[in-house]
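Enquirer: Here is a sequence with its predicted model. Questions after.
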Amino acid sequence: MKWQNALQDYRHYLRLERGLSENSIENYSLDILRLIRFLEVKKLKVSPINISEETIQQFIYELAKSLNARSQSRIISGLRGFFNFLVFEDYRKDNPTDLIESPKTGRKLPDTISPAEIDELIGAIDLSKPEGERNRAILETLYGCGLRVTELIDLKLSDLFFDEGFIKVTGKGDKQRFVPISDYTQKYINIYKDMVRTHLSIKPEATDTLFLNRRGNKLTRAMIFTIVRRLAEAAGIKKKISPHTFRHSFATHLLENGADLRAIQQMLGHESITTTEVYMHVDRSHLRKVMEEFHPRR
């Protein structure tokens, strides 16, 4: 079928030209397949190649019955990109989502924890166990460098440039950036690296991977989530905490202490400053301080 060829071409476009991860490509593809299933269930003899705006509106109405505004908005945005691609590649003449508005979602503020709560989490680590030193180094790196979970588990020994005070991080779309790392964080990585990691039976494919499990292999995303969740329970912290909470807290605490938004953007690896600007809404007292310090009529 022609739409299947179009979807395959779109996947190639996302992978090769947009540089998206396989996970992101799958999510975009699932949204398109959701539309296809809707057409099949409704027995509508159309495809993405000839679907009308009215049919898209029917699909969105069905989505609204089971999905929140944020999820609806994400799917509409993904479909809009797909149809733009179809127009560009001459599969069809127009984009049926051009006049369709996404539901208003508001701006979701990131969850953060205080420096004291971070200390409580780290204090809950059992350092009598070998994985204790590893877990402390993991939390210090998440908070000290503002890494995403995937960036953390992909971190390599060859990415550590401690003499220069940086680590090399591979982010979304395989884009690389250098992130400053403090002596404090370096200390705990070195303790783990020199005193624990060297005693593991390391798998050949993981010889350059920094953080390893007990079997000498690369950690999974799920394992990092489990480590953080268990430490939150042990520390008696009732907030919903995930590895990403450390990244949000890293950015928020830097901003509160007067860091430049552009510098935070570079360290987080955000492509757009708009993404970083969400942290301006976490603590509005920072905006007041900036105005009082820098405005000529202060």
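Expert: Thanks, I have it.

Enquirer: so where do the helices sit in the stretch 101-250 of the chain?
Expert: 115-123, 130-145, 149-153, 183-195, 221-235, 243-256 (DSSP state H, counting those that start in this stretch).

Enquirer: name the helices or strands packed onto the longest one?
Expert: Under the contact criterion of 3 or more CB pairs under 8 Å, 6 or more residues apart in numbering; DSSP states H and E, the helices and strands touching helix 130-145 comprise helix 115-123, helix 149-153, helix 183-195, helix 221-235, helix 243-256. Using the backbone N, CA and C atoms, a C-beta is placed for each residue, glycine as well.

Enquirer: contacts for that helix?
Expert: Helix 130-145 has contacts (CB atoms under 8 Å, 6 or more residues apart in numbering) with 118, 121-122, 125-127, 147, 152, 155, 167, 169, 179-182, 184-185, 188-189, 191-193, 195-197, 199, 211-212, 214, 224, 227-228, 231, 243, 246-247, 249-250, 267.

Enquirer: Show me which of those residues are buried.
Expert: For the contacts of helix 130-145, a neighbour count by 16 or more other CB atoms under 10 Å gives the buried set as 118, 121-122, 125, 147, 152, 155, 167, 169, 179, 181, 185, 188-189, 191-193, 196-197, 211-212, 224, 227-228, 231, 243, 246-247, 249-250, 267.

Enquirer: returning to what we had before: mean pLDDT and distance to residue 81 for the helices of the stretch 101-250 of the chain - can I get that in TSV?
Expert: As requested, the helices of the stretch 101-250 of the chain are arranged in TSV below (pLDDT from 0 to 100; distance: least, CB to CB, whole Å):
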stretch	mean pLDDT	distance to residue 81
helix 115-123	94	38
helix 130-145	94	31
helix 149-153	93	22
helix 183-195	95	38
helix 221-235	93	26
helix 243-256	88	24
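
Enquirer: Which one, of the ones you listed, ends up nearest to residue 161?
Expert: helix 183-195 (10.4 Å; CB to CB).

Enquirer: so the closest one versus helix 115-123, what angle?
Expert: With axes from the mean of the first three to the mean of the last three CA atoms, to 10 degrees applied, the angle from helix 183-195 to helix 115-123 works out at 10 degrees.

Enquirer: neighbouring contacts of helix 183-195?
Expert: Helix 183-195 is contacted by residues 133-134, 136-137, 140-141, 144-145, 157, 160, 162, 210-211 when judged by CB under 8 Å, 6+ apart.

Enquirer: if we go to 10 Å?
Expert: Outside of helix 183-195, the residues within contact range by CB atoms under 10 Å, 6 or more residues apart in numbering are 122, 127, 130-145, 155, 157, 160, 162, 165, 167, 181, 197-198, 210-212.

Enquirer: What helix or strand is the closest residue to residue 53 other than its chain neighbours located in?
Expert: With sequence-adjacent residues excluded and distances taken as CB to CB, 6 or more residues apart in numbering, residue 53 is closest to residue 96, at 4.4 Å. Assigned by DSSP states H and E, residue 96 belongs to neither a helix nor a strand.

Enquirer: Residue 50 is in contact with residue 96, correct?
Expert: Yes - applying CB atoms under 10 Å, one finds residue 96 in contact with residue 50, separated by 9.5 Å.

Enquirer: And for residue 23, the neighbour number?
Expert: 9 (other CB atoms under 10 Å).

Enquirer: Now which of the contacts of helix 183-195 would you call buried?
Expert: Listed as buried from the contacts of helix 183-195 are 122, 131, 133-145, 155, 160, 167, 181, 197, 210-212; burial here means 16+ other CB under 10 Å.
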